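1. No letters, just coordinates:
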């Protein structure tokens, strides 16, 4: 599976072993954000951001891991891609003493 996030993703399998997907060199799927200045607060511009298109996905439909933000935008746009997943960082994620995620046990589909 192709990892299109900027960091390694470790999945803890049911038997307790870890499978780590390193990030690819130079390819990250991301959401292009549209920005508009909506007003000024004491001369400081205040903007509103809206998600635009997703870029960086493989053209061949290969299975890939993306960030939750990318997955949410694809879902909101009505994509039914079967090969795009994000790590499940919810309550089943495995965290260290500082609360940082060290592994996930599940993936989220579009």
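-> Received, thanks. Note that this is a predicted model, so its numbers are computed, not measured.
2. Show me which residues of the helix or strand of the chain with the lowest mean pLDDT are buried.
-> In the chain, no helix or strand scores lower on mean pLDDT, DSSP states H and E than helix 68-76, which sits at a mean of 89. By 16 or more other CB atoms under 10 Å, the buried positions in helix 68-76 come out as 70, 71, 72, 73, 74, 75. Placement of C-beta: from N, CA and C, glycine included.
3. who touches the residue most central in space within the chain in this structure?
-> Closest to where the C-alpha atoms of the chain average out (CA atoms, centre = their mean) is residue 67, at 0.3 Å. Going by CB atoms under 8 Å, 6 or more residues apart in numbering, residue 67 touches 5, 29, 30, 86.
4. Which two among those residues are spaced furthest apart?
-> 30 and 86 (13.0 Å; CB to CB).
5. Pick out whichever of the two has more residues nearby.
-> For residue 30 versus residue 86, the count of surrounding residues by other CB atoms under 10 Å is larger for residue 86: 23 against 18.
6. picking that back up, what sits in contact with each of residue 30 and residue 86?
-> With CB under 8 Å, 6+ apart as the test, residue 30 and residue 86 both reach 67, 70.
7. How about residue 104, nearest residue that isn't a chain neighbour?
-> Of all residues not flanking residue 104 in the chain, residue 87 sits nearest, at 4.3 Å (CB to CB, 6 or more residues apart in numbering).
8. Can you give me the distance of the most far-flung residue of the chain relative to its centre to residue 62?
-> The C-alpha centroid of the chain is most remote from residue 42, which lies 35.2 Å away (CA atoms, centre = their mean). According to CB to CB, to the nearest Å, residue 42 stands 49 Å off from residue 62.
9. hmm, back to that, in strands, which of the contacts of residue 67 fall?
-> Among the contacts of residue 67, the members falling in strands (DSSP state E) are 30, 86.
10. Among the contacts of residue 67, which one sits closest to residue 12?
-> The shortest gap between residue 12 and any of the contacts of residue 67 belongs to residue 86, at 15.9 Å (CB to CB).
11. check contacts around the closest one.
-> 65, 66, 67, 68, 70, 71, 107, 108 are the contacts of residue 86 under CB under 8 Å, 6+ apart.
12. Now distance to residue 48 too, for those residues, in a markdown table please.
-> Converted to a markdown table, those look like this (distance: CB to CB, whole Å):
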| residue | distance to residue 48 |
| --- | --- |
| 65 | 29 |
| 66 | 24 |
| 67 | 21 |
| 68 | 21 |
| 70 | 20 |
| 71 | 22 |
| 107 | 32 |
| 108 | 27 |
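13. Nice, that's everything, thank you.
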